[in-house]
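Engineer: Predicted structure and sequence below. I'll ask about it afterward.
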Amino acid sequence: MKLKITCIPGDGIGPEIVAEARKVLDAVVEKYGHDMQYTDILMGGASIDVHGVPLTDEAVETAKSADAVLMGSIGGDTTTSPWYKLPPNLRPEAGLLGIRKALNLFANLRPAVLYEELAQACPLKQEISENGFDMLIMRELTGGLYFGERKTVEENGVRKAIDTLTYDENEIRRIAVKGFDIARKRKKKVTSVDKANVLDSSRLWRAVVEEVAKDYPDVTLEHMLVDNCAMQLVKDPAQFDVILTENMFGDILSDEASMVTGSIGMLASASLNDTKFGLYEPSHGSAPDIAGKDMANPIATILSASMMLRYSFDLDKEADAIDEAVKQVLRDGYRTGDIMSEGCEKVGCKKMGDLIVERIK
Ligand code: IPM
Ligand code: MG
């Protein structure tokens with residue numbers, strides 16, 4: 001298969017972790033006889049430094065012309081980096097929001113899995129963690145508060161800020177369909193998370209999700225209020241299969257879910273549109289404090305590359321090879337600093353990439 005990939009190394013640890021993911025992809029491509037070509041684009045702070053904006057039209061066009069996009073991370077230290085002195089629409093994050101919108105990546109899949117090999121890293125009590133868990137957060141990514149009208153005004157000498165939370169039924173329906181489709185391939189349960197006791201947008205969300213559920217009689221649907229969900233994630237994470245939720249709730253809950261796995265450096269994500277096209281990136285951020293020190297954990301990006309092979313190209317065998325190599329490295333006792341535990345061997349970012357490549361060949 002001939003594959004054209006656009007890479008966004010980005011900021012902070014982004015370039016290091018993308019380099020390792022490419023090493024792993026190259027090994028898989030060679031072993032299974034595919035042809036993968038990469039084109040890099042700048043985004044976030046890296047683009048601001050060169051072009052003065054966090055995302056250019058040319059970069060969007062390059063991404064659009066590829067079969068999929070592999071991203072590292074963007075952004076810097078919000079208190080010290082000069083990027084955060086710029087107006088909000090010129091800061092690194094605006095690049096990420098811009099590419100999500102431009103590529104219509106409305107479905108954000110964020111798996112949160114407790115790896116058996118890393119169970120000690122789970123911060124929950126053992127009586128909870130011993131049940132294991134494997135959930136997928138399906139977060140709506142191009143609507144809601146993130147993309148509603150916003151402004152800051154001054155009225156009679158009083159500053160006032162306004163953000164708007166808007167969803168129409170089509171936006172809700174298409175993400176709900178993605179949620180139910182994926183639940184069908186998993187444990188056949190959807191927990192739709194909203195704040196229907198307060199918000200109109202949530203009441204519409206709930207009504208549309210109910211309508212979509214009628215086409216999936218084999219999938220169990222339950223509704224949960226977002227505050228309760230935040231609590232249930234630490235009380236009994238094993239109850240979840242697919243969590244279906246709007247943009248802002250999904251942002252917050254996915255950080256919480258990844259934290260309870262104890263290994264955010266391991267969690268991949270995919271942002272998809274209506275076609276096979278997707279943008280794949282680790283769930284974690286750019287960790288500017290450890291950037292350039294060969295300390296980052298490249299596994300989340302490597303697993304994102306595996307998701308890319310699986311979801312955009314239906315290359316399941318190749319994706320399995322990556323997932324298995326990662327598990328094997330963990331079983332063999334190698335750890336980066338973030339997932340280090342007693343008795344294991346601590347390795348850097350590059351070495352971790354090499355060890356995974358060795359297990360693919
Ligand atoms: C995420 C991040 C982004 C978001 C930021 C960087 C804009 O937190 O992907 O979860 O809020 O969506
Ligand atoms: Mg977030």
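Structural biologist: Received the coordinates, thanks. Ligands and ions are numbered 1, 2, ... in the order given.
Engineer: For whichever residue of the chain sits closest to ligand 1, give me the pLDDT.
Structural biologist: Nearest residue of the chain to ligand 1, counting by C-beta to the nearest ligand atom: E93, 3.9 Å away. All C-beta spots, glycine's among them, are computed from the backbone N, C-alpha and C. Per-residue pLDDT puts E93 at 97.
Engineer: check which helix or strand covers it.
Structural biologist: Take DSSP states H and E as the rule and E93 turns out to sit in helix 92-102.
Engineer: Please state the offset of that helix from the chain centre?
Structural biologist: 14 Å (C-alpha atoms, centre = their mean, to the nearest Å).
Engineer: and what of stretch 188-201?
Structural biologist: Relative to the chain's own centre, stretch 188-201 is displaced by 21 Å; criterion: C-alpha atoms, centre = their mean.
Engineer: Give the full set of residues in contact with the nearest residue to the residue of the chain closest to ligand 1 once chain neighbours are set aside.
Structural biologist: Spatial nearest neighbour of E93, chain neighbours left out: G75 (6.0 Å); criterion: C-beta to C-beta, 6 or more residues apart in numbering. Neighbour list for G75: 11-12, 44-45, 83, 92-93, 285-286, 288 [criterion: C-beta atoms under 8 Å, 6 or more residues apart in numbering].
Engineer: pLDDT at the residue located most distally from the centre of the chain, what is it?
Structural biologist: Distance from the C-alpha centroid of the chain peaks at N156, with 42.4 Å (C-alpha atoms, centre = their mean). Per-residue pLDDT puts N156 at 97.
Engineer: With K361 instead?
Structural biologist: Model confidence at K361, given as pLDDT, is 90.
Engineer: Contact partners for it?
Structural biologist: Contact analysis of K361 by C-beta under 8 Å, 6+ apart lists 27, 31.
Engineer: That one and A27: what is the separation?
Structural biologist: Note on K361: its distance to A27, by C-beta to C-beta, to the nearest Å, is 6 Å.
Engineer: I'd like to know how far the residue of the chain closest to ligand 1 sits from S263.
Structural biologist: Applying C-beta to C-beta to E93 and S263 gives a distance of 24 Å.
Engineer: Comparing the two, which residue is more hemmed in?
Structural biologist: Neighbour comparison, E93 and S263: the larger count goes to S263, with 27 against 18 (by other C-beta atoms under 10 Å).
Engineer: contacting residues around that one?
Structural biologist: Contacts of S263 by C-beta under 8 Å, 6+ apart are 115, 118, 121, 338-339.
Engineer: Looking at these, state which has the most neighbours.
Structural biologist: I339 (22 neighbours).
Engineer: Phi first, then psi, for that one.
Structural biologist: The phi/psi pair for I339 (degrees, to the nearest 10) reads phi -120, psi 20.
Engineer: can you check the one 10 residues further on too?
Structural biologist: Dihedral pair for C349: phi -60, psi -50, per degrees, to the nearest 10.
Engineer: Quick one, grab the pLDDT at it.
Structural biologist: Looking at C349, its pLDDT stands at 98.
Engineer: roughly how far apart are it and I299?
Structural biologist: Taking C-beta to C-beta, one finds C349 at 10 Å from I299.
Engineer: Show me what the helix or strand where M352 lies is packed against.
Structural biologist: For M352, the host element (DSSP H and E) is helix 349-360. Packing partners of helix 349-360 (3 or more C-beta pairs under 8 Å, 6 or more residues apart in numbering; DSSP states H and E): helix 14-32, helix 299-311, helix 316-331, strand 334-335.
Engineer: show me what contacts the residue nearest to I99 when sequence neighbours are not counted?
Structural biologist: Nearest residue to I99, sequence neighbours excluded (C-beta to C-beta, 6+ apart): L55, at 5.9 Å. L55 makes contact with 43-44, 47, 94-95, 98-99, 102, according to C-beta under 8 Å, 6+ apart.
Engineer: Taking those residues together, which two end up most distant?
Structural biologist: Using C-beta to C-beta, the contacts of L55 span at most 14.6 Å, a distance reached by G44 and A102.
Engineer: more neighbours, these two?
Structural biologist: Counted by other C-beta under 10 Å, G44 and A102 do not tie: G44 has more neighbours, with 30 against 16.
Engineer: so how far is I172 from that one?
Structural biologist: 29 Å.
Engineer: if we can go back for a sec, shared neighbours, C349 and I299?
Structural biologist: T336.
Engineer: More neighbours: which of these two?
Structural biologist: I299 (30 against 23).
Engineer: what does this structure put close to ligand 1?
Structural biologist: Within the chain, the positions near ligand 1 by C-beta under 6 Å from any ligand atom are 75, 93, 96, 251.
Engineer: Leaving out chain neighbours, which residue sits closest to the last one?
Structural biologist: It refers to D251. R139 (6.9 Å).
Engineer: what's the residue farthest from the centre of the chain in contact with, if anything?
Structural biologist: N156 touches nothing, counting by C-beta under 8 Å, 6+ apart.
Engineer: Could you do S129 as well?
Structural biologist: Contacts of S129 by C-beta under 8 Å, 6+ apart are 114, 119, 122.
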